[in-house]
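**Q** Predicted structure and sequence below. I'll ask about it afterward.
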Amino acid sequence: MLNPTLMEDPAAFIRRETRVKPVPHAEEIRLHLADEAMSLWTKTEDELGELGLAPPFWAFAWAGGQGLARYILDTPELVADKNVLDFACGSGLVGIAAMKAGAQSCHGVDIDPVAMTAARLNASLNDVDLSLEIADITASELPEYDLVFCGDVFYDKAMAEKVLGFVDRLLEKNIEVIVGDPGRSYLPAPRLTELAAYSVPVVGQLEDNEIKRTRVFRVQGK
């Protein structure tokens, strides 16, 4: 097959439509990243035959994920020998950073099957192992992890409410939750303790600027 489609061979599509590049704010990590947002977005819609899709989150290093990755790499004691969850993992960036920093294991979950393929390719590219699952776990039985990372998940009201309910259940079970976010609209700011802040290069076509001030927070209970 000379030119497989996204539905036929997601891995081949990802390799064809992206380039392997270092993450701007975590250059220790390389990912399959898109050069041009709108072109890939259009191709994804065309190949799946569905208009109005969300951006292909797996193809970009979003600000919150970059902030989390940088913080994890700079403070490896946060994840050392722990079992961690990368929630809404997208490209797998945060999970890869956790494994590079010495986590015992990392499980990545996302509802997008293409993201799972991208995360698997990216993990292999960085010589780490991630366990990956296509699922919405927000209403499921709570996972048995020491630490949960959530990057860029407060961009939409419905999503934010669902995630915060999940986070509250985690906190009730004494599972630590760390968030990376550049100040998106539905970030629960009163519940957060800032751990670090960074100025992060991002894709200007998807954000309101090419540099975003992103922060890493610990989520506090109610």
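**A** Cool, got the structure.
**Q** hey, C-alpha coordinates of the longest helix seen in the chain in CSV?
**A** Across the chain, the longest stretch assigned as helix under DSSP state H is helix 157-172. Output in CSV follows, covering the C-alpha atoms of helix 157-172 (Å, rounded to 0.1, in the frame of the first residue of the first chain):
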residue,chain,number,x,y,z
LYS,A,157,-16.8,23.5,30.4
ALA,A,158,-18.2,20.0,30.1
MET,A,159,-14.8,18.4,30.0
ALA,A,160,-13.6,20.4,33.0
GLU,A,161,-16.6,19.4,35.1
LYS,A,162,-16.1,15.8,34.2
VAL,A,163,-12.4,15.9,35.0
LEU,A,164,-12.8,17.8,38.2
GLY,A,165,-15.3,15.2,39.4
PHE,A,166,-12.8,12.5,38.6
VAL,A,167,-10.0,14.4,40.4
ASP,A,168,-12.1,14.8,43.5
ARG,A,169,-12.5,11.1,43.7
LEU,A,170,-8.8,10.6,43.3
LEU,A,171,-8.1,13.1,46.1
GLU,A,172,-10.5,11.4,48.4
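**Q** where does the chain dip in pLDDT?
**A** Regions of the chain meeting the criterion pLDDT under 70 cover residues 1-8, 36-55, 203-208.
**Q** if we go to 50?
**A** 1-2, 38, 41, 45, 48-53 (pLDDT under 50).
**Q** Sheet partners, orientation included, of the helix or strand following the longest helix of the chain?
**A** Where DSSP states H and E defines the elements, the next helix or strand beyond helix 157-172 is strand 176-181. Each strand paired with strand 176-181, and its direction, by DSSP bridges: strand 147-151 (parallel), strand 211-219 (antiparallel).
**Q** Give me whichever of these is most buried.
**A** Of all the strands paired with strand 176-181, strand 147-151 carries the top mean neighbour count, a mean of 26, counting by mean count of other Cβ atoms under 10 Å. C-beta coordinates here come from the backbone N, C-alpha and C atoms, glycine included.
**Q** now that one and helix 157-172, what's the angle there?
**A** Here strand 147-151 runs at an angle of 160 degrees relative to helix 157-172 (axes from the mean of the first three to the mean of the last three Cα atoms, to 10 degrees).
**Q** Would you point out which residue is most central in the protein?
**A** C89 (3.7 Å; Cα atoms, centre = their mean).
**Q** State the distance from that one to W62.
**A** Distance of C89 to W62, computed by Cβ to Cβ, to the nearest Å: 11 Å.
**Q** now Y155
**A** Distance from Y155 to W62, by Cβ to Cβ: 9 Å.
**Q** Give the residue from these two that has the larger number of neighbours.
**A** Comparing Y155 with W62 by other Cβ atoms under 10 Å, the one with more neighbours is W62, at 26 against 16.
**Q** thinking again about what came up before, can you list the neighbours in contact with the longest helix of the chain?
**A** 87-88, 137-139, 142, 148, 150, 153-154, 177, 185-188, 219-222 (Cβ atoms under 8 Å, 6 or more residues apart in numbering).
**Q** Mind checking which of the residues you listed are buried?
**A** The neighbour count (16 or more other Cβ atoms under 10 Å) marks 87-88, 137-138, 148, 150, 153-154, 177, 186-188, 219 as buried among the contacts of helix 157-172.
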